[in-house]
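1. using only what follows, build the 3D model:
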Amino acid sequence: MLVVTLPANHAENPLSFAEEAKRRGADILEIRGDLTPGLAPFTSPLPILAAPRGRDLHALLEGGVFWVDLELDEKCSGPMGPYQIRSFHDYEKTPNTQTLVEMARALEAQLPQGGHVKVATFVRNAQDLLALREAQEAMGQLVSTTFLGMGPKSWPNRIMSLWRNSLSYVAMEVGGISAPGQLLLDDCHTRRQKPEPQLFAILGGEKLQSASPLIHNGLMERHGINGFYGSWPTDDLLADFEALDAFGFAGFSVTAPHKVALCPLIPHLELSARETGAVNTCAKREDGWHGWQKDPQGIVEGYPQFRGAKSAAVVGSGGVLSSVVLALRELGVETITIYARNEKARRALAKRFDAHHAPLGQLGKASTHLLVWALPMDLPDLSLPKPEGESFAIDLRYGKETDFLRRASDLGYHGVDGEGMLKAQALAQFREFSGELVDESDRDFLNGLLSDHGQQ
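-> Predicted structure coming up:
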């Protein structure tokens, strides 16, 4: 059942809020003492769940409620209603599975027969997701339970709550979220009418920011795929990947700094991944995980105007460089020079891909038909090469105007950002995730989706 909490800003007219919540598919209205204390009784179209949280809800209880939610050892002076919940909250961490089970048993011991156990903890990593699931499974089917995660990394638990928990706590609007990690009523009401969805995510560093969730959720909805795609930032790739695999994820996009580090964890690396020594896409098949590197395809399909350029200057030596050089070779670029401070890295890349290399400081002395910026930051004091004829400059970053592109345009380059690569490789990833064919209409869809998002 879907539980919507009455926000403080609707305390003056709870009936109107309850009516709207029922219209949009909510099953229960929660009144929390810490949010709306002293609320007067009213005739709600939804059953009321009262959670005093140590505050005064006596008048509401006297008016009659269906559920009362009490913390461990919390007393209630008013009528208890026909159904009781006992709750445990940890807003800082998720205890291990054994501790969670012991806490749930302690809650169960304070319940009348037919009551409900609720455990809500803060999710720090993927192992915490597993701990919540394992504890719920250990409680068995004889006790009605809800095991909820809180926080930004709780979303896989919150999504699967619709099929695994007796109660799922949702918000009617973003401004009404009463616990970190809550999902929205409209989406959950729609999703629970379907089977359990496949889960996907982008794996990246702790500062991960990406348009991939917007893109893939949009594509799945467009193609009628029952799935959900989220963001999973982590600095502990091995532990989180293993736990997310055990949790049941079906696929991942991969971005810095994990593209190379993930390779040893994928038993079936396709040619693109073996050639580059990196993966940015992996999907679970019957025989295990398969990995691809779709970045070269993203460049080739995203920038056909680069085809046939006589020369290219590539700035950087990070994990994306192998994909860039492979793509430039496929596009028919004759001469490729890698410019980077790290001599060992640029020399190894040049040898591996039959390219030239030079110190970063020599970039301004060159001229080129194609200038590729593969650094995560601007270097305003670095001189850029002169363009040769009709030349292009690409910054693999996207989503904002960069100093590099501004200076390149001033020199006469036709400047583009990494959005074309993002869209093309995302479509290639979606094919692996879903098995669906994509066409030009999907590319047009992404153009409109990202354009609308950028205007918000």
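2. for stretch 120-132, the distance to its chain's centre please.
-> On the basis of Cα atoms, centre = their mean, to the nearest Å, stretch 120-132 is displaced by 16 Å from the centre of the chain it belongs to.
3. got the buried residues for it?
-> Neighbour-count burial for stretch 120-132 flags 120-123, 125-132 (criterion: 16 or more other Cβ atoms under 10 Å). All C-beta spots, glycine's among them, are computed from the backbone N, C-alpha and C.
4. okay, domains of the protein per the record?
-> The chain resolves into domains spanning 2-196, 199-293+436-454, 297-417 when parsed by automatic domain parsing.
5. tell me where the model's unsure across this protein.
-> Across the chain, the ranges flagged by pLDDT under 70 are 59, 62-63, 77-82, 453-456.
6. check which helix or strand residue 101 maps to.
-> helix 97-109 (DSSP states H and E).
7. and that helix, what does it pack against?
-> Secondary-structure packing of helix 97-109 (3 or more Cβ pairs under 8 Å, 6 or more residues apart in numbering; DSSP states H and E): strand 83-90, strand 116-122, helix 126-139, strand 144-150.
8. do you know which of these lies nearest residue 395?
-> Residue 395 lies closest to helix 126-139 among the helices and strands packed on helix 97-109, at 32.6 Å (Cβ to Cβ).
9. what's the angle between that closest one and strand 116-122?
-> Between the direction of helix 126-139 and that of strand 116-122, the angle (axes from the mean of the first three to the mean of the last three Cα atoms, to 10 degrees) works out to 170 degrees.
10. packing partners for helix 126-139?
-> Applying 3+ Cβ pairs under 8 Å, 6+ apart, one finds that helix 126-139 makes contact with helix 97-109, strand 116-122, strand 144-150, helix 155-164, helix 237-247.
11. dump those to TSV, plus distance to residue 384.
-> Rendered in TSV, the data for those read as follows (distance: least, Cβ to Cβ, whole Å):
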stretch	distance to residue 384
helix 97-109	56
strand 116-122	47
strand 144-150	47
helix 155-164	42
helix 237-247	35
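12. of all these, which one is nearest residue 218?
-> With Cβ to Cβ as the criterion, residue 218 lies closest to helix 155-164 of these, at 16.8 Å.
13. ok, longest strand in the protein?
-> strand 386-395 (DSSP state E).
14. next structured bit after it?
-> Next helix or strand after strand 386-395 toward the C-terminus (DSSP H and E): helix 403-411.
15. show me which residues of that next one are buried.
-> Across helix 403-411, burial judged by 16+ other Cβ under 10 Å covers 404-405, 407-408.
16. again, but for stretch 431-440
-> Buried residues in stretch 431-440, counted by 16+ other Cβ under 10 Å: 431-434, 436, 438.
17. then stretch 351-371?
-> Neighbour count says stretch 351-371 has 353, 355, 357-358, 360, 363, 366, 368-371 buried, by 16+ other Cβ under 10 Å.
18. what about it, how long is it end to end?
-> 20 Å (Cα to Cα, to the nearest Å).
19. who does the closest residue to residue 89 other than its chain neighbours bridge with?
-> Among residues not flanking residue 89 along the chain, residue 120 sits closest, at 5.0 Å (Cβ to Cβ, 6 or more residues apart in numbering). When bridges are assigned using DSSP bridges, the partners listed for residue 120 are residue 89, residue 148.
20. pretty sure residue 120 contacts residue 88?
-> Yes. Using Cβ atoms under 8 Å, residue 120 and residue 88 qualify as a contacting pair, with a distance of 7.3 Å.
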